[in-house]
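[1] need a 3D model of the following:
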Amino acid sequence: MNALQWATLVLLALAAALGIRRTWRGSSRRGFAVIAPLLMAGLLWLLLYPPLLETARVEAVVLSTGVSTQQLAELDSRVPVYALPGVVAANASIEAVPDLATALRRNPAIGNLRVLGDGLPEHDLQALGQRGLAFEPGTELRGLLDVQWPATVRAGTLWTMHGEAAGVEGGQLRLLDRSGAVAAETLIDAAGRFRLELTARTPAEADYRLQLLDAGNAVVDELALGVVIEAGDSVNALLLAGGADAESKYLRRWVIDSGSALASRISLSRGIEQRRNDTELTAQTLQATDLLVIDERAWAALAGASKTLIRSAVDEGMGLLLRIGGPLSALTRADWAALGFAIEDADLPRSAYLLDGGGDIEVARLPLRVVADDSVALLSASDASVLARWRAHGQGRIAVWLPLDTWRLATGGDKARYGTLWSKVFSTLARARGTSAAVLPQRARVDQRAAICGMGADALIESAQGQR
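    Numbers count the residues shown, from 1 in each chain. Here you go, the predicted model:
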């Protein structure tokens, strides 16, 4: 029982006890008169909190488009049968309904559903709730069963599409762009799964056609899809390095090429630095910085006042990436432990394959383990070890980065994957700015309900003919 039920029970018990006491003190002490207050309290309790009666759950059959004649002939007349739009009721025992929700309202005792035919549309799946579902296709499935792709991607990054097909042995997938040129293609594996990778180049609304081909290159199924390629938000980045290395070099180049603002200070030797823009660690500079990237040598060279300014800036929303490129001093370990990251020596291999790269991209790393409460993996390896972790700190985020040579992606001809990797890092850690855009439905279909979230009061819908 909850707190309200306990309180009600106590009050009813007190009222019944008071009634029995007054009756006992009165002139009439008959048995019924004495127990009457107790009975009234019990009846009032049942009125307020009636017992829940367990109703028997029944199975129902739902007929969708594509149901076969054989399936209709094998229907059990003792089981409720409902026909969705597009299915002609073969006999009077089949009840036609406009959608699944209507059938469930008419028969609340339905616990399990058998769906015959091509399956349920999206809005009917949402009405299913916690009920059991069994699907029996009307005919042998042949074509695209499931396709997943992102609705929006950032320009310069790599995005993937994956899904499942059936009934096409030895088939392949081909993705055509708006001009009809092949943008990507791949074979279907033995389990019917496929995966395509593409590079988002310039900001645009990209239209594609996904074709499923059989072994003879005949088109079996086709799906039109669209992806919005966004330019992305500009980030004010500050990079501090205690020495020149390839990782800093290519990271600086990527930041500039992505259209973001960069200030950098790299120590070349004692008293000699390579600087770009304003790198003074003042409260004003850090307030304008979205993400600070600093390695262990540059951190060790900071004064205590500068470290305090950085912590204050993170509390106010600035992102901080702590990059480890060599041995850590005891003081640096203590400073970073105060930020929530315990850096421990570990018996780990000095290289790992990136999980995000499909397990085929190897990077070097130091044999260290990062332990942080309430942290989230930012980059993982295929051996289940974590190469980078981030955690919230005030209004900002702090991350520790272990890979040493992600720059090899850029020099090895895989600039898109390199850009995708660092775009994820920057978008996760950088200071949150701007306003959120409306969230559009990824798969809007004719005659099916779609929801648009995050719209303002002045939002309009425009038809293909220009009508608003």
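[2] from here on, just use CA atoms for contacts and neighbour counts.
    Noted.
[3] what are the ranges of the helices in this protein?
    When secondary structure is read from DSSP state H, the chain shows helices at 3-25, 31-48, 69-73, 100-106, 122-126, 246-257, 283-287, 296-300, 304-315, 330-338, 407-411, 415-429.
[4] want to throw those into a markdown table with mean pLDDT and distance to Ala377?
    Compiled in a markdown table, these are given as follows (pLDDT from 0 to 100; distance: least, Cα to Cα, whole Å):
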| stretch | mean pLDDT | distance to Ala377 |
| --- | --- | --- |
| helix 3-25 | 78 | 40 |
| helix 31-48 | 74 | 50 |
| helix 69-73 | 86 | 49 |
| helix 100-106 | 90 | 40 |
| helix 122-126 | 82 | 31 |
| helix 246-257 | 91 | 21 |
| helix 283-287 | 93 | 26 |
| helix 296-300 | 94 | 20 |
| helix 304-315 | 95 | 19 |
| helix 330-338 | 95 | 17 |
| helix 407-411 | 88 | 21 |
| helix 415-429 | 89 | 11 |
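[5] what about the nearest residue to Val371 once chain neighbours are set aside, how many neighbours?
    Spatially, and ignoring its direct neighbours in sequence, Val371 is nearest to Ala342 (5.0 Å; Cα to Cα, 6 or more residues apart in numbering). Applying the criterion other Cα atoms under 10 Å, we find 16 residues in the vicinity of Ala342.
[6] can you tell me how far Ala342 is from Ala364?
    From Ala342 across to Ala364, the span is 21 Å (Cα to Cα, to the nearest Å).
[7] separation between Ala13 and Leu4?
    With Cα to Cα as the criterion, Ala13 and Leu4 are 14 Å apart.
[8] how near is Ala330 to Trp336?
    Plainly put, Ala330 is 10 Å away from Trp336 if you go by Cα to Cα.
[9] how far does stretch 252-264 stretch from one end to the other?
    Using Cα to Cα, the end-to-end distance of stretch 252-264 comes out at 8 Å.
[10] in that stretch, what's buried?
    For stretch 252-264, the neighbour count (16 or more other Cα atoms under 10 Å) marks 252, 254-255, 258, 261-264 as buried.
[11] from these, pick the one nearest Ala459.
    Comparing the buried residues of stretch 252-264 against Ala459 with Cα to Cα places Ser258 closest, at 30.7 Å.
[12] give the contact list for the closest one.
    For Ser258, the contact set (Cα atoms under 8 Å, 6 or more residues apart in numbering) comprises Gly156.
[13] could I get the pLDDT score of it?
    According to the model's per-residue confidence, Ser258 sits at a pLDDT of 81.
[14] that one and Pro367: what is the separation?
    In this structure, Ser258 and Pro367 are separated by 32 Å, where distance is defined by Cα to Cα.
[15] and Ile20, by the same measure?
    Noted for Ile20: a distance of 78 Å to Pro367, by Cα to Cα.
[16] more neighbours: the two, which one.
    Taking Ile20 and Pro367 together and counting by other Cα under 10 Å, Ile20 has the greater number of neighbours (19 against 14).
[17] was I right to think the more buried one contacts Met40?
    No - with contact taken as Cα atoms under 8 Å, Ile20 and Met40 are classed as non-touching, separated by 11.3 Å.
[18] find the residues that touch each one of these two.
    Residues touching both Ile20 and Met40 (Cα under 8 Å, 6+ apart): there are none.
[19] pass me the low-pLDDT residue ranges in this protein, would you?
    Where the chain drops to pLDDT under 70, the residues are 1, 24-34, 52-56, 356-360, 434-436, 442-443.
[20] circling back: to Thr186, which of the helices of the chain lies closest?
    Among the helices of the chain, the nearest to Thr186 by Cα to Cα is helix 415-429 (18.3 Å).
[21] outside of the closest one itself, list whatever touches it.
    By Cα under 8 Å, 6+ apart, the list of residues contacting helix 415-429 reads 156-158, 199, 254, 291, 319-321, 357, 378, 390, 396-399, 406-407, 409-410.
[22] which among those end up buried?
    In these, burial by neighbour count holds for 156-158, 199, 254, 291, 319-321, 378, 390, 396-399, 406-407, 409-410, counting by 16+ other Cα under 10 Å.
[23] if we can go back for a sec, more crowded one of Ala13 and Leu4?
    Counted by other Cα under 10 Å, Ala13 and Leu4 do not tie: Ala13 has more neighbours, with 16 against 9.
[24] for the more buried one, give me its contacts.
    38, 41.
[25] what of Leu402?
    Contacts here follow Cα under 8 Å, 6+ apart; on that basis Leu402 touches 323-325, 365-366, 368, 387-388.
[26] Val220: which of those residues is nearest?
    Leu387 (42.6 Å).
[27] list the contacts of the closest one.
    Contacts of Leu387 were listed using Cα under 8 Å, 6+ apart, and they are 365, 377-381, 401-403.
[28] mind jotting down where the strands sit in the stretch 101-250 of the chain?
    110-117, 132-137, 143-148, 152-154, 158-166, 172-176, 182-187, 193-199, 204-213, 219-230, 236-241 (DSSP state E, counting those that start in this stretch).
[29] picking that back up, more neighbours: which of Ala330 and Trp336?
    Looking at Ala330 and Trp336 with other Cα under 10 Å, you find the greater number of neighbours at Trp336, namely 17 against 9.
[30] so that one sits against Ala342, correct?
    Yes - look at Trp336 against Ala342 with Cα under 8 Å: they come within range, at 6.9 Å.
[31] distance check, the residue nearest to the spatial centre of the chain against Ala437.
    Nearest residue to the geometric centre of the chain (Cα atoms, centre = their mean): Pro150, 10.9 Å. Separation of Pro150 from Ala437 (Cα to Cα): 16 Å.
[32] can you tell me how far Met318 sits from Ala241?
    In this structure, Met318 and Ala241 are separated by 18 Å, where distance is defined by Cα to Cα.
[33] of these two, who's got more company?
    Under the criterion of other Cα under 10 Å, the comparison of Met318 against Ala241 puts Met318 first, with 27 against 23.
[34] thought that one was touching Thr289?
    Yes - checked against Cα under 8 Å, the pair Met318 and Thr289 is within contact range at 6.6 Å.
[35] which neighbours do the two have in common?
    Contact criterion Cα under 8 Å, 6+ apart; residues bridging Met318 and Thr289 by contacting each: Arg431.
[36] okay, now the domains of the protein?
    Listed domain ranges for the chain are 3-48, 58-137, 143-230, 236-429 (source: automatic domain parsing).
[37] can you give me the end-to-end distance of the second one?
    Domain 58-137 stretches 22 Å from its first residue to its last (Cα to Cα).
[38] next one: the last one
    Criterion Cα to Cα; first-to-last residue distance in domain 236-429 is 12 Å.
[39] and Glu74, how far is that from Ala464?
    According to Cα to Cα, Glu74 stands 45 Å off from Ala464.
[40] surely Ala215 meets Gly171?
    Yes - Ala215 sits in contact with Gly171 when judged by Cα under 8 Å, with a separation of 5.1 Å.
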